[in-house]
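Participant: for reference, the sequence and a predicted model appear below.
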Number of protein chains: 4
Amino acid sequence: MPRSQKQYKEIRKQKKQLILDSALELFAENGFHSTSMSKVAQKAGVSKGLAYNYFESKQDILDEIIKTGFDSIYSNFDLNHDGILTREEFEHFIRNSFKAIGKNRKFWKLYSAIIMQSDIAESMMEKYGDRSQIIMQMLNQFIKTMGSKDPEGDLMVISSLVKGSLLVVISAPEFFPLKQLEDKVTEACFRLITTK
Amino acid sequence: MPRSQKQYKEIRKQKKQLILDSALELFAENGFHSTSMSKVAQKAGVSKGLAYNYFESKQDILDEIIKTGFDSIYSNFDLNHDGILTREEFEHFIRNSFKAIGKNRKFWKLYSAIIMQSDIAESMMEKYGDRSQIIMQMLNQFIKTMGSKDPEGDLMVISSLVKGSLLVVISAPEFFPLKQLEDKVTEACFRLITTK
Amino acid sequence: MPRSQKQYKEIRKQKKQLILDSALELFAENGFHSTSMSKVAQKAGVSKGLAYNYFESKQDILDEIIKTGFDSIYSNFDLNHDGILTREEFEHFIRNSFKAIGKNRKFWKLYSAIIMQSDIAESMMEKYGDRSQIIMQMLNQFIKTMGSKDPEGDLMVISSLVKGSLLVVISAPEFFPLKQLEDKVTEACFRLITTK
Amino acid sequence: MPRSQKQYKEIRKQKKQLILDSALELFAENGFHSTSMSKVAQKAGVSKGLAYNYFESKQDILDEIIKTGFDSIYSNFDLNHDGILTREEFEHFIRNSFKAIGKNRKFWKLYSAIIMQSDIAESMMEKYGDRSQIIMQMLNQFIKTMGSKDPEGDLMVISSLVKGSLLVVISAPEFFPLKQLEDKVTEACFRLITTK
DNA sequence: AATGAATGAGACTTCATTCAT
DNA sequence: TATGAATGAAGTCTCATTCAT
């Protein structure tokens, strides 16, 4: 008597997640290229063969990790999905980005390593470039609303600040405490946008 | 007629630099792991064997590239080496960092990819961590001088902003024009430090 | 109400044939080595496990396919099984060989691919060699009866012609129409045997 | 002091041939798919890595073997390359085909196994199909010249006979002696073409 | 009888590194 | 100093086969 369809599905789901988690940990720790499938499988406690039963390739694992992360970044953006960013939504986005890192630093470490690697970055741009641009436009609109005299310039500064701060939080948490930086950056953003 | 000792040395130096340049280009273009020694040697127009005559290993080439870059970053810092940062030196440091990227974007692309990878970052911290900390202390001192009420916090914000802006300039120069961002960031730094 | 012994047997037989048919199709299409058991099972609409319930191994499936085909070749030979070949039986054999190909070209494609591979051919020789030799002797006898002055030589030519024609019909049916070649080859056989 | 350009070329040429020979032997003996690169390298007495220094892939080795063989087949065809086949050229072609087999039976065994395997055959058709068709046209023309009343039909029979006889010589040389069959087939061809 | 998750050996391939010349 | 043939370990991936359910 074979297992039921449902049982199989549940098994698959759990094992797949197990492999994803192991891969994330190792990729973040040692880098994508320096992590072999053997190690991933070993950490997950499964055979190499099984890993390939769940994923088409090593790259496929990475893609899935990245996709999940990417989706989660922007789920906190433009919360009511009306295409317009309010002051609250903007602040919420910044603060939530910091919180997201607090929750899953491993992932964000991997993520930032990945987007820096040119051999991998290109394919990501193709996939997620559009979404990214829409967000920049919304931010631009928002900054104008806030009364900026140089929206484009301010947008560049703000996004640099946010990216930079997330980066340092990720890579050197001992020197850049999460909560403190969150407050300072949020405040700085508003200070920079607002016309004197 | 054999060449003089000096000539030989000069030739060696040039060949070595040739290999370093080729490696940098390829590493930046395709990533460290995706670049084979064969390609490096080929691009440099030398044999694989000769490349190993100049460098102990592939990793050794990378180390040398990184070391050179690291040194150049801080050569623009605290120009008169008195351990105290003046307003002019601070601004000079920021502006020069942008200019450095303009001059050799290939290197900085590689550099930022490298420091994100934890396996490499650690060994770098060991080597360069001290210097890095001294600089942070100097910046801290400087910010205090400028009248900041929360020097530590402001330092975090400033360094986030600078790192972030350099990063976006490196990875997306088409969206973040170098000169414009340089001006905006310099100005923003002073605005953020200065008490309202 | 449980099914009867007989019904079970019937179901088993059908499932087995289903797997054989799927395997034949895939083996012929993509080659034995390039066809995985997964694909065979999938095409048959059964699980891999079940396929192994019916066959000991992948090789076992191939063996069974080949055996079936081999048996069918010679069922059209020496129809009344008296060990002597008449003119009619001879012609019938040739014509039927062509017709067999028309009926199941997939199989014959696979079959000819298989017998060309020496690793497989050997084990087949062991199994079927005897039968094959008997047939050659009967043909030899027949050719003598027809008045050939060089029975051995003529036998070689005839069997080369028949094998070759079947082969081209199998592998390039668009250039070698079945029916036309059947007529020409039958006629040629008799012309070659008959003394001028 | 490195070896001279010439010396390297010579080494490469010899080693490459060594690998080709080993591969041919094993492919012919055990089939392409059943022969691993490890075995090929081992038989050639080199490392696996070196084999890949000389050939891009296992398939590449096969391609090279096949190409060589294919070229040699038709070098005996239409000797003066005027596009027209004389009686002597025709006979020469048939006789030489037999002789070619005598000289390198291993290759021809592999060759006939290969062209039967559908997964490999297709790519060959693409490469060599054109040449093959030109030859058939020349043969057709030749048969007409010889006074055949059904050139197309006779062409089919002749080419079946030749292919078939080569095949049996290759696969069962103990039953089909080369020289004897060569004579018989040559004679039969002319007998079949010539109108009674 | 039936399922498909799981294994593990082994395939192809790459590449940093060595070394005879 | 300079070459590139040669190695071998390690990596990605496939698949026949087993087995708990």
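Facilitator: Done, it's in. Only a predicted model underlies this, so the values are computations on that prediction, with no experimental measurement involved.
Participant: now stretch A:159-177: average pLDDT?
Facilitator: Model confidence over stretch A:159-177, given as mean pLDDT, is 94.
Participant: near chain B at all, it?
Facilitator: Yes - under the criterion of CB under 8 Å from any CB of the partner chain, stretch A:159-177 makes contact with chain B via A:159-165, A:167-168, A:171, A:175-176. Glycine gets a C-beta too; all of them are placed from N, C-alpha and C.
Participant: try stretch A:43-57
Facilitator: No - judged by CB under 8 Å from any CB, stretch A:43-57 makes no contact with chain B; its nearest approach is 15.4 Å.
Participant: contact residues of chain A facing chain C?
Facilitator: Residues of chain A lying close to chain C (CB under 8 Å from any CB) are residue A:2.
Participant: and which of the residues of stretch A:159-177 next to chain B is nearest to chain D?
Facilitator: Lowest distance from chain D to the residues of stretch A:159-177 next to chain B (CB to the nearest CB) belongs to residue A:171, with 38.2 Å.
Participant: just give me the neighbour total for that closest one.
Facilitator: For residue A:171, the count of nearby residues is 19 (other CB atoms under 10 Å in any protein chain shown).
Participant: how about residue A:141?
Facilitator: Around residue A:141 there are 15 residues (other CB under 10 Å).
Participant: what residues of the helix or strand of chain A with the lowest mean pLDDT count as buried?
Facilitator: One helix or strand of chain A scores below all others by mean pLDDT, DSSP states H and E: helix A:118-145, with a mean of 83. Within helix A:118-145, the residues that qualify as buried are A:118-120, A:124, A:128, A:135, A:138-140, A:142-143, counting by 16 or more other CB atoms under 10 Å in any protein chain shown.
Participant: that one: how far from the chain's middle?
Facilitator: In terms of CA atoms, centre = their mean, to the nearest Å, the centre of helix A:118-145 is found 13 Å from the chain centre.
Participant: counting contacts, what elements does it pack onto?
Facilitator: The contact analysis (3 or more CB pairs under 8 Å, 6 or more residues apart in numbering or on different chains; DSSP states H and E) places helix A:118-145 against helix A:58-74, helix A:105-116, helix A:151-171, helix B:5-30.
Participant: where's residue A:139 relative to residue A:15, distance?
Facilitator: Counting by CB to CB, to the nearest Å, the separation of residue A:139 from residue A:15 is 40 Å.
Participant: hmm, back to that, now do the least confident helix or strand of chain A and helix A:58-74, the angle between them.
Facilitator: 10 degrees (axes from the mean of the first three to the mean of the last three CA atoms, to 10 degrees).
Participant: and the angle from helix A:118-145 to helix B:5-30?
Facilitator: 60 degrees.
Participant: helix A:118-145 and DNA strand E in contact?
Facilitator: No - judged by CB under 7 Å from any atom of the strand, helix A:118-145 stays clear of DNA strand E, getting no closer than 11.1 Å.
Participant: hmm, back to that, chain B: which of the buried residues of helix A:118-145 is nearest?
Facilitator: residue A:119 (4.2 Å).
Participant: could you list the low-pLDDT ranges of chain A?
Facilitator: Across chain A, residues meeting the criterion (pLDDT under 70) sit at A:78-79, A:118-119, A:195-196.
Participant: of all residues in it, which one is closest to chain B?
Facilitator: Closest point on chain A to chain B, by CB to the nearest CB, is residue A:164, at 2.1 Å.
Participant: what is the burial count for the nearest residue to that residue once chain neighbours are set aside?
Facilitator: Distances taken as CB to CB, 6 or more residues apart in numbering or on different chains put residue B:164 closest to residue A:164, at 2.1 Å, once the chain neighbours are dropped. When neighbours are counted by other CB under 10 Å, residue B:164 registers 23.
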